[in-house]
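Participant: okay, sequence plus prediction incoming.
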Amino acid sequence: MLVQRPTPGAQRPGGTVPARTTKLAIVGAGSVGSTLAYAALMRGAAHTVSLLDINRTKVDAEVLDLQHGIQFMPMAKVEGSDDVAVCADADVVVFTAGAKQKPGQTRLDLAEATISLVRKILPGLVEVAPNAVYIMVTNPVDVVTYAALKYSGLPPNQLFGSGTVLDSSRLRFLVAQHCGVAVQNVHAYIAGEHGDSEIPLWSSATISGVPLLEWQGLKGRGPLTAEVREDIAHEVVQSAYRIIEGKGATNYAVALAATRIIEAVLDDEHRVLPVSSLLEDFHGISDVCLSVPSLLERRGCGERIEVPLSDHELAGLRASAESVRAVAKSFGL
């Protein structure tokens, strides 16, 4: 659904009252960054969309292509540059720049190059947009988010990662496909690492208000047995690798997921999404960035929602935390 916002400077009785404007800055004009710009523009997520990339020729071409389509989407300004000043005074900064994941690589394999890039770029971004909410999308997102908090000095509510918002969408799609219901009727989360150790929270999941573990199945479709749930969880983890092997990158779904996060922040929605943030005593887990259901608002990532966890899920979440923490420590974080 398109979000219609007031036109800046709209006439009201008694004079002109400037309406609040919003600016989205996207760092990286690669497949994810440029697709994110397109998705945000199509959904009317912000009045200004700014692209930053070291490849000036590439960013200029992406901006021009997007500008030529403004007639067919909610009115907005599109700009781009290789100068960090293009991000000045942004309300939200989304960091998509990073090493490209190759077929066979895990997200954690990307850590060294991407962390180095974050360390180089982030301080300059914070200098020109100190009040922005920062959303890290580049992989491995949990370790990168932890590093970004260290390098930026920003509070955990102001900087967080896209986490398992996309993974949860994949989970809901596969459950809906198996059960024969609309994906909007499935409510379920993936928690933990955005990667191989992530875990589905089956015990709190529902289908049209029915606890997922009690779902008996519709006519002609079987229930969600333990075997079916295991197959779905495996496909959620492996699907990104299959997409990367087939076309080189994931970009459409992650761009839509990031846009949903952006909207939740800019529109102060108080929406619950499983983003990756710094946990402190979350079911006894601290000092690590992991995805758990969290409240998103204009100030960024608010309270973490302590959904009920089975013993198996809690053990999985703790194991995921140890996996991510070990990688972070290996880089001196």
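Facilitator: Right, received. Where do you want to start?
Participant: quick check: which ranges of the protein have low pLDDT?
Facilitator: 1-20, 100-102, 104-108 (pLDDT under 70).
Participant: CA atoms only: put stretch 51-68 into PDB for me.
Facilitator: C-alpha atoms of stretch 51-68 as PDB (Å, rounded to 0.1, in the frame of the first residue of the first chain):
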ATOM      1  CA  LEU A  51      22.600   7.300  -3.100                       C
ATOM      2  CA  LEU A  52      26.200   7.200  -2.100                       C
ATOM      3  CA  ASP A  53      28.800   5.100  -3.900                       C
ATOM      4  CA  ILE A  54      32.500   5.400  -4.600                       C
ATOM      5  CA  ASN A  55      31.800   4.600  -8.300                       C
ATOM      6  CA  ARG A  56      30.500   8.000  -9.500                       C
ATOM      7  CA  THR A  57      29.700   6.800 -13.000                       C
ATOM      8  CA  LYS A  58      27.500   3.900 -11.600                       C
ATOM      9  CA  VAL A  59      25.700   6.100  -9.000                       C
ATOM     10  CA  ASP A  60      25.000   8.800 -11.600                       C
ATOM     11  CA  ALA A  61      23.500   6.200 -13.900                       C
ATOM     12  CA  GLU A  62      21.300   4.700 -11.200                       C
ATOM     13  CA  VAL A  63      20.000   8.100 -10.100                       C
ATOM     14  CA  LEU A  64      19.200   9.100 -13.700                       C
ATOM     15  CA  ASP A  65      17.400   5.900 -14.400                       C
ATOM     16  CA  LEU A  66      15.300   6.400 -11.200                       C
ATOM     17  CA  GLN A  67      14.600  10.000 -11.900                       C
ATOM     18  CA  HIS A  68      13.100   9.100 -15.300                       C
END
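Participant: give me the contact list for that stretch.
Facilitator: Applying C-beta atoms under 8 Å, 6 or more residues apart in numbering, the contact partners of stretch 51-68 are 25-30, 33-34, 37-38, 41, 49, 78-84, 86-87, 97. All C-beta atoms are positioned from the backbone trio N, CA, C, and that covers glycine.
Participant: off-centre distance for it?
Facilitator: The chain centre lies 22 Å from the centre of stretch 51-68; the measure is C-alpha atoms, centre = their mean, to the nearest Å.
Participant: now swap in stretch 176-188 and tell me
Facilitator: So, by C-alpha atoms, centre = their mean, the centroid of stretch 176-188 is 21 Å from its chain's centroid.
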